[in-house]
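Peer 1: need coordinates for the following:
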Amino acid sequence: MARTRASSSSSAATVSRGLRHALVAMALVATSLVGLGAVGVASGASAGASTTASVAAPAATSISIRTVLPSITVGRTGTVVGNLRVAGLPAEGREVALEARAKGEQVFTPIGAAVAGVRGNLRLDVRPEVTTRYRWSYAGADDAQPRVSGVATLRVHTAQKPARRLPTTLSARAVRGVVPAGGRSVLRGTLRAGETVLAGKSVVLLSRTATQRSWQFRTGHRTGRQGRVAFRVWPKVRTTYRLAYAGSATFRPTTSAIVEVDVRPTVTIVVEPPEIERGESTLVAGTVVHGESPVAGATVALAARTLQPKTPWTVVSTGTSTADGTVTFTVTPESTTRYRLRVAPVAGLPGGRSRAVEVHVRAPGTDYRRSYAGTGPASRSGVSAAPMRAGPIR
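Peer 2: Numbers count the residues shown, from 1 in each chain. Predicted coordinates for the structure are as follows:
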């Protein structure tokens, strides 16, 4: 097959350092999911080092809480209100979770969320079946500190003395444990009390990423006839999920086991030039991004297949991504060949792959007549800038 070698910073004999940086920059522009500017980090490091920007400390916050009515009868709706204040900043539009702890339980569980109004006002309707304590929880932001309010109790009166509540279980599983960037998974669960499925019960979806200290409320659904519930999720980074049931006068609260959904790395690829004479070389370059950050030290394989005759995909070279997530290969195909990059899975990094690009090889002396589709600098230069995608290794 064609001669291939992985390129390093000393490969200027084949391709200049400036061309390598230009190719990587094009690959980064082609990535629609993340604006990295990884090459710019290298070229602008000295300028950035001389600039010191003062970062303001997050503003202090406070949250008040109360129930509109101190008590309700079972089956009625109560209302929890409060007010979010952020020192020197508007509170409007900030999301605050409402957490609940039913009588006899030891932990608070997020059951809903409210968005602060113009004056920071918060309001959420609840329908507990037993006396329940509530508190507001604000996760914080870049400009505001996290805060948890005090506790407000909503008493629930029942006609009869409540019987001993039955224990419950809640299962959870992800239909897809790994999704491509921008991809969707579905979380499914079943609520039971012993062998009996529980229909019509409210179950909430909670999530947490590596940068979040507490569980975040996402949404809630009621179980169907078979006690089942399903939630669609679109994680942007590796995310942990769990389902929770707040309980009732008859059934105890419960939470599911933890389910993790990971996101495949975004692998981009470009080639320059895309058409060469037989015996000439071209450069295949790419980037590896995971969780909105470049991946250094990833093992990247360059796979190739010829079109005439058509051959299966074969790994022709391997390389390692640099600190800015880039990797380059110099190839000398003997005939028109397609290339793609594959990232090997390791702990904490699922496998991924790029789309395929094509290098056209013409006989020496043949006129250059190939035209390129699309518009813009990338298309005119012969570098394909179509959207990249990550996918399973095949």
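Peer 1: V289 against A298, yeah?
Peer 2: No: the pair V289 / A298 is not scored as a contact, 10.2 Å apart, by CB atoms under 8 Å. C-beta coordinates here come from the backbone N, C-alpha and C atoms, glycine included.
Peer 1: which residues do those two both contact?
Peer 2: 265, 325 (CB atoms under 8 Å, 6 or more residues apart in numbering).
Peer 1: which stretches of the chain have low pLDDT?
Peer 2: Scanning the chain for pLDDT under 70 picks out 1-55, 160-163, 367-394.
Peer 1: any idea how far the most centrally placed residue in it lies from V270?
Peer 2: Nearest to the mean C-alpha position of the chain, by CA atoms, centre = their mean, lies K236 at 1.3 Å. Remark: distance between K236 and V270 (CB to CB, to the nearest Å) = 24 Å.
Peer 1: got the contact list for the residue nearest to the centre of the chain?
Peer 2: Here K236 is in contact with 181, 263, 291-292 (CB under 8 Å, 6+ apart).
Peer 1: closest to K201 among these?
Peer 2: For these, the closest approach to K201 (CB to CB) belongs to V263, at 30.8 Å.
Peer 1: which stretches of the stretch 51-200 of the chain form helices?
Peer 2: Under the criterion DSSP state H, counting those that start in this stretch, the stretch 51-200 of the chain contains no helices.
Peer 1: how about the strands in it?
Peer 2: 61-67, 71-73, 78-86, 95-102, 109-115, 121-126, 132-138, 147-148, 152-157, 169-170, 173-174, 178-179, 185-193, 196-197 (DSSP state E, counting those that start in this stretch).
Peer 1: what do you get for the stretch 201-350 of the chain?
Peer 2: Using DSSP E, counting those that start in this stretch, strands in the stretch 201-350 of the chain cover 202-209, 216-222, 228-233, 239-245, 254-255, 259-263, 266-272, 275-277, 282-290, 293-294, 299-306, 314-320, 326-332, 337-343.
Peer 1: could I get the last one in PDB with only the CA atoms?
Peer 2: C-alpha atoms of strand 337-343 as PDB (Å, rounded to 0.1, in the frame of the first residue of the first chain):
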ATOM      1  CA  THR A 337      -7.500   6.600  -1.400                       C
ATOM      2  CA  ARG A 338      -9.900   7.400   1.400                       C
ATOM      3  CA  TYR A 339      -8.600   8.100   4.900                       C
ATOM      4  CA  ARG A 340     -10.200   8.400   8.300                       C
ATOM      5  CA  LEU A 341      -8.900   8.700  11.900                       C
ATOM      6  CA  ARG A 342      -9.800   6.300  14.700                       C
ATOM      7  CA  VAL A 343      -9.300   7.000  18.400                       C
END
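Peer 1: and the next helix or strand past it?
Peer 2: Counting by DSSP states H and E, the next helix or strand C-terminal to strand 337-343 is strand 352-353.
Peer 1: just checking: what are the partner strands of the very next helix or strand once past that next one?
Peer 2: Remark: after strand 352-353, the chain's next helix or strand is strand 357-362, criterion DSSP H and E. Neighbouring strands of strand 357-362 in its sheet, by DSSP bridges, are strand 275-277 (parallel), strand 337-343 (antiparallel).
Peer 1: run the chain-centre distance for the shortest one.
Peer 2: Here the centre of strand 275-277 is set off from its chain's centre by 39 Å, with CA atoms, centre = their mean, to the nearest Å.
Peer 1: buried residues, that strand. List them.
Peer 2: Neighbour-count burial for strand 275-277, counted by 16 or more other CB atoms under 10 Å, picks out 275-276.
Peer 1: one step back: can I get the strands of the stretch 51-200 of the chain in CSV including distance to T240?
Peer 2: As requested, these are exported to CSV (distance: least, CB to CB, whole Å):
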stretch, distance to T240
strand 61-67, 25
strand 71-73, 34
strand 78-86, 26
strand 95-102, 16
strand 109-115, 14
strand 121-126, 25
strand 132-138, 18
strand 147-148, 21
strand 152-157, 29
strand 169-170, 16
strand 173-174, 10
strand 178-179, 14
strand 185-193, 11
strand 196-197, 26
